[in-house]
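*Asks:* this one's structure only:
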Ligand code: NAP
């Protein structure tokens, strides 16, 4: 990044602010669009907010984002507020004008852009909203604006749901929002609804929790949209999937609220192609999966299990999943159906994992990165580590191992050398990090991976 005399500053005020992904979104956009701007986080307390906003204006800062706990308080320090932000009662984006900053809410249009990206229309639809906090208010406002038919807000604290329903029914002059408790889902007509999950239940590390656990509820879901994106597939989404419904997480909402803010600051329109590039970066950053690739015998399983035990990841072995799915060993799959069939199974498993997995260490079959479509899937799934092993070490480790179908036949040592030479550039092309593992202990390899990822 080249800071010049013309570089503009953009930032995020929040408390806490350290785990934000917004710098990744905005600095990627500046880099792709060649815009001379830098986005940084500003840890700002409630008491310092007024000075922070006034100081930012004096310092010619181009714009700011606001996150917890500032989205409503900041409204006191603005020269103007966009109508929807005023009505929602939350501002997350400050845009510089001649008189001060004007406040916008890009969370709500960000979620709408996500919903539309899936081809979902809200008009004339029956909607359930779980939760009645700040996020639920944006969701309910969006549903009213898009002319949904009936909206049911289900919340643990009924009074909060009632307050929100009354406010929006009055504001829009239509009485189509009803407030209910979470248990009241049993009173709803037995048909299909679009369901927005906007409570904070299910956020990592509470991955197995959903605000409603009963399977009966999920029989009502046509499409479920969870505003949470960590884990990538939340318990709410899993339950929707099990009930045969479609389900999406909130990562695209995060993406689009950022894109819309960036459009406002720079008075530009950002294409879907550029949004896709930023989304790929977000996917990698949020999913937190570590994928181990490399030649057979390089230690993917041993290192993967060690990392998962020590650092609290789920361990997944693609070969094991394939054997379970096929009900036979990999050697038998090769013998019975041939290599192409096996490679297709690998691709199927990888596709499934790509749609679901987060916070996992994944040990992959040695030939998996050979297919171009697998390379793409690996990049989407997480950060790829190539365990680079010397042929002599593999020969030593695999001597006497008769379970490797590719090494059957004459002169396996020669075959190992040929295959390693052929595959090495392929492994390197897909890897975020390459690690030399010959003669290195499992503990040191694991440490190098974890250190490398924290710097990457
Ligand atoms: P909030 O204002 O604090 O509201 C929290 C909601 O969760 C309330 O409805 C609350 O119910 C409910 N809740 C909390 N603990 C509960 C429990 N133990 N049992 C049942 N319900 C419980 O939070 P928010 O700002 O609306 O955010 C909600 C979620 O949306 C967060 O997880 C956030 O990460 C996510 N979000 C995502 C994006 C995105 O870009 N994808 C943007 C904004 C928010 P009560 O009223 O009964 O307390």
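*Replies:* Yes, it's here. Predicted model only: the values in this text are computed from it and were never measured.

*Asks:* off-centre distance for stretch 199-206?
*Replies:* 14 Å (Cα atoms, centre = their mean, to the nearest Å).

*Asks:* I meant to write stretch 196-214 there.
*Replies:* 16 Å.

*Asks:* end-to-end on that stretch?
*Replies:* Distance across stretch 196-214, first residue to last, is 17 Å (Cα to Cα, to the nearest Å).

*Asks:* now do the SS call for the residue of the chain most remote from its centre.
*Replies:* Using Cα atoms, centre = their mean, the residue of the chain lying farthest from its centre is residue 410. It sits 47.1 Å away. Under DSSP: H, G, I helix; E, B strand; the rest coil, residue 410 falls in the coil class.

*Asks:* now the helices for the stretch 51-200 of the chain?
*Replies:* Taking DSSP state H, counting those that start in this stretch as the criterion, the stretch 51-200 of the chain carries its helices at 83-88, 107-117, 134-145, 158-172.

*Asks:* for the ligand, what is the nearest residue in this structure?
*Replies:* For the chain, the residue closest to the ligand is residue 133, as judged by Cβ to the nearest ligand atom, at 2.0 Å. Just so you know, the C-beta spots here come from the backbone N, C-alpha and C atoms, and that holds for glycine as well.

*Asks:* got the helices of the stretch 51-200 of the chain as a markdown table, with mean pLDDT columns?
*Replies:* Output for the helices of the stretch 51-200 of the chain, formatted as a markdown table (pLDDT from 0 to 100):
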| stretch | mean pLDDT |
| --- | --- |
| helix 83-88 | 97 |
| helix 107-117 | 97 |
| helix 134-145 | 96 |
| helix 158-172 | 98 |
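
*Asks:* which positions in the stretch 1-150 of the chain make contact with the ligand?
*Replies:* Contact residues, the stretch 1-150 of the chain versus the ligand (Cβ under 6 Å from any ligand atom): 107, 131-136.

*Asks:* most widely separated two among the residues you listed?
*Replies:* Within those, 107 and 132 form the most distant pair, 15.7 Å apart (Cβ to Cβ).

*Asks:* hmm, back to that, any of the residues of the stretch 1-150 of the chain next to the ligand buried? List them.
*Replies:* Neighbour counting with 16 or more other Cβ atoms under 10 Å marks 107, 131-132, 134-136 as buried within these.

*Asks:* and of the residues you listed, the nearest to residue 284?
*Replies:* Taking Cβ to Cβ as the measure, residue 284 lies nearest residue 107 of those, at 22.9 Å.

*Asks:* what sits against that closest one?
*Replies:* By Cβ atoms under 8 Å, 6 or more residues apart in numbering, residue 107 lies in contact with 90, 92, 135, 138, 253, 257.

*Asks:* could you redo the last one with a cut-off of 10 Å?
*Replies:* 71, 85, 88, 90-93, 134-135, 137-139, 141-142, 227, 250, 253-254, 256-257, 260-261 (Cβ atoms under 10 Å, 6 or more residues apart in numbering).

*Asks:* which residues of the stretch 51-200 of the chain fall in strands?
*Replies:* Taking DSSP state E, counting those that start in this stretch as the test, the strands found in the stretch 51-200 of the chain are 63-66, 80-81, 93-97, 100-104, 126-130, 150-154, 177-180, 193-197.

*Asks:* JSON lines for those, including mean neighbour count?
*Replies:* Output for those, formatted as JSON lines (neighbours: other Cβ atoms under 10 Å):
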{"stretch": "strand 63-66", "mean neighbour count": "27"}
{"stretch": "strand 80-81", "mean neighbour count": "16"}
{"stretch": "strand 93-97", "mean neighbour count": "21"}
{"stretch": "strand 100-104", "mean neighbour count": "21"}
{"stretch": "strand 126-130", "mean neighbour count": "24"}
{"stretch": "strand 150-154", "mean neighbour count": "24"}
{"stretch": "strand 177-180", "mean neighbour count": "20"}
{"stretch": "strand 193-197", "mean neighbour count": "27"}
